[in-house]
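Peer 1: give me a model of this one.
(chains A and B)
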Amino acid sequence: MAAPAAALTESEAWEAAVWAHAGMLYRIAYAVLRNHHDAEDAAQETLQRAWRYRGRLAAVENPAAWLARIAWRVANARRPRLGMVSVEELNAISELRASGASAEQLAERREMKQMADQFIRHLPKKLRQPLLLSTVEELSAREIGKILGIPEASVRTRCLRARRLLREKLEAAMAGGR
Amino acid sequence: MGADMHEVVTKLLADHSQVEPAPETVQRWVEHRAQPLPRRWTMLRPEGGVAPAWVVMAATLLLVLGLAWGLAWNRLRARSPQPRLASERTVIAPLQNAPPLTDEQKKLIQLLATNPGALATEQPGDLERPAKKKVPAVPHR
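Peer 2: Residues are numbered from 1 along each chain as shown, chains lettered A, B, ... in the order given. Just a heads-up that it's a prediction; the model follows:
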């Protein structure tokens, strides 16, 4: 923000916060919804809700975390139903592995990303939530903890467990094609 | 394979939400900030958005049917008088005017009338035994 916060009107402060954190809000919404169109709608709704409560913005200690919390709730309310992992996807991923591609190449492949998305969506809720938020680089473990209402240490532990579970699932999917 | 997969997972997670909104999109958000928010009940729908017309019609129909059923049920109940506690009366009448008492019953009545404390020491079956004949006390001379 160029001008001091006290000199800004509510509207200006809100607009400054939007330009500063729009990317983060969009990334949070996208991490949950996995769809650009839905993520845009969710981000817009987040900002509409923030506009409604713009009077509180000046008193908020961490506007980024405040906005992130709203974005998280809005995106989760719009979250689509879980889809199942199809057999075709499992076959595609094992074929990828069988092709002898390197780790870098594997991670670049669309099939692999889709598979990872599916596995992330099927992780237990308490592991999935911190993992999704941890993929948004602007959010620290402390801020994620505030959004989810859990201690910072729990965020780190759950992220580690989620990563391990994800790795095991991907390994199992790849081993299936051998 | 473990270290290999660790790299894959790290890369996949790093790419998971690396998206950036277009500046014109952010500008649109800023311009449409004061638009009315979607109604809260539409948030119950997993995919969000506005509920289709048939959902609204079905909900209205259900509401009307529920109200109609409630009114009809009330009227039906009002037509046939229901028993009330205040109108209930209990009459206790003996089956026979002079029921014959058994020996045990007679003894029990006698015992209750003369010495109810003795009931505490009575054993089951005591009442069925023939009562001891009382020997009149003979005064010593």
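Peer 1: if I look at residue B:124, what pLDDT would I see?
Peer 2: On the pLDDT scale, residue B:124 is placed at 70.
Peer 1: that one: neighbour count?
Peer 2: By the criterion of other Cβ atoms under 10 Å in any protein chain shown, residue B:124 has 6 neighbours. All C-beta atoms are positioned from the backbone trio N, CA, C, and that covers glycine.
Peer 1: distance of it relative to residue B:104?
Peer 2: Going from residue B:124 to residue B:104 by Cβ to Cβ, to the nearest Å gives 11 Å.
Peer 1: for chain A, what spans make up the helices?
Peer 2: Under the criterion DSSP state H, chain A carries helices at the ranges A:10-33, A:36-52, A:63-77, A:87-98, A:103-108, A:110-121, A:125-134, A:141-148, A:152-175.
Peer 1: for chain B, same thing?
Peer 2: Taking DSSP H as the criterion, chain B carries its helices at B:2-16, B:23-31, B:53-79, B:103-114.
Peer 1: ok, which of the ones you listed comes nearest chain A?
Peer 2: Of all the helices of chain B, the one in closest proximity to chain A, counting by Cβ to the nearest Cβ, is helix B:2-16 (3.6 Å).
Peer 1: domains of chain A?
Peer 2: In the assignment given by automatic domain parsing, the structural domains of chain A cover A:10-77, A:87-175.
Peer 1: tell me the mean pLDDT for the longest one?
Peer 2: Right, domain A:87-175. Taken as a whole, domain A:87-175 has a mean pLDDT of 82.
Peer 1: wait, what's in contact with the closest residue to residue A:134 other than its chain neighbours?
Peer 2: In space, not counting the residues next to it along the chain, residue A:134 is nearest to residue A:159; the distance is 5.0 Å by Cβ to Cβ, 6 or more residues apart in numbering or on different chains. Residue A:159 makes contact with A:130, A:131, A:134, A:141, according to Cβ atoms under 8 Å, 6 or more residues apart in numbering or on different chains.
Peer 1: make CSV out of the residues you listed and add neighbour count.
Peer 2: As requested, the contacts of residue A:159 are exported to CSV (neighbours: other Cβ atoms under 10 Å in any protein chain shown):
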residue, neighbour count
A:130, 24
A:131, 23
A:134, 22
A:141, 17
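Peer 1: just give me the closest of those to residue A:43.
Peer 2: When the contacts of residue A:159 are compared for distance to residue A:43 (Cβ to Cβ), residue A:134 wins out at 19.2 Å.
Peer 1: quick revisit: quick one: closest of the helices of chain A to residue B:23.
Peer 2: For those, proximity to residue B:23 was assessed by Cβ to Cβ; helix A:10-33 is nearest, at 9.1 Å.
Peer 1: close to chain A, is the lowest-mean-pLDDT helix or strand in chain B?
Peer 2: For chain B, counting by mean pLDDT, DSSP states H and E, helix B:2-16 ranks last in confidence among helices and strands (a mean of 80). Yes: applying Cβ under 8 Å from any Cβ of the partner chain, one finds that helix B:2-16 is in contact with chain A at B:2, B:4-9, B:11-16.
Peer 1: okay, now the unreliable bits of chain B?
Peer 2: B:1-3, B:37-52, B:82-83, B:85-88, B:90-99, B:127-141 (pLDDT under 70).
Peer 1: where's the most centrally placed residue in chain A relative to residue B:66, distance?
Peer 2: When chain A is reduced to its mean C-alpha position, the closest residue under Cα atoms, centre = their mean turns out to be residue A:31, at 3.2 Å. Residue A:31 sits 42 Å away from residue B:66, going by Cβ to Cβ.
Peer 1: and what of residue A:72?
Peer 2: 37 Å.
Peer 1: and those two? which has more neighbours close in?
Peer 2: Legend: neighbour count by other Cβ under 10 Å for residue A:72 and residue B:66, higher for residue A:72 (25 against 10).
Peer 1: excluding sequence neighbours, find me the nearest residue to the more buried one.
Peer 2: Beyond its immediate neighbours in the sequence, the residue positioned closest to residue A:72 (Cβ to Cβ, 6+ apart) is residue A:147, lying 5.3 Å away.
Peer 1: distance of that neighbour relative to residue A:62?
Peer 2: As judged by Cβ to Cβ, residue A:147 and residue A:62 stand 11 Å apart.
Peer 1: who has more neighbours out of the two?
Peer 2: Looking at residue A:147 and residue A:62 with other Cβ under 10 Å, you find the greater number of neighbours at residue A:147, namely 22 against 12.
Peer 1: which ones are touching the more buried one?
Peer 2: Contacts were defined as Cβ under 8 Å, 6+ apart; by that measure residue A:147 touches A:65, A:68, A:69, A:72, A:133, A:139.
Peer 1: wait, which of those residues is closest to chain B?
Peer 2: Distance from chain B was checked for each of these by Cβ to the nearest Cβ. The minimum falls on residue A:133, at 9.2 Å.
Peer 1: which non-adjacent residue is nearest the closest one?
Peer 2: For residue A:133, ignoring the flanking residues on the chain, the nearest one in space by Cβ to Cβ, 6+ apart is residue A:144 at 4.4 Å.
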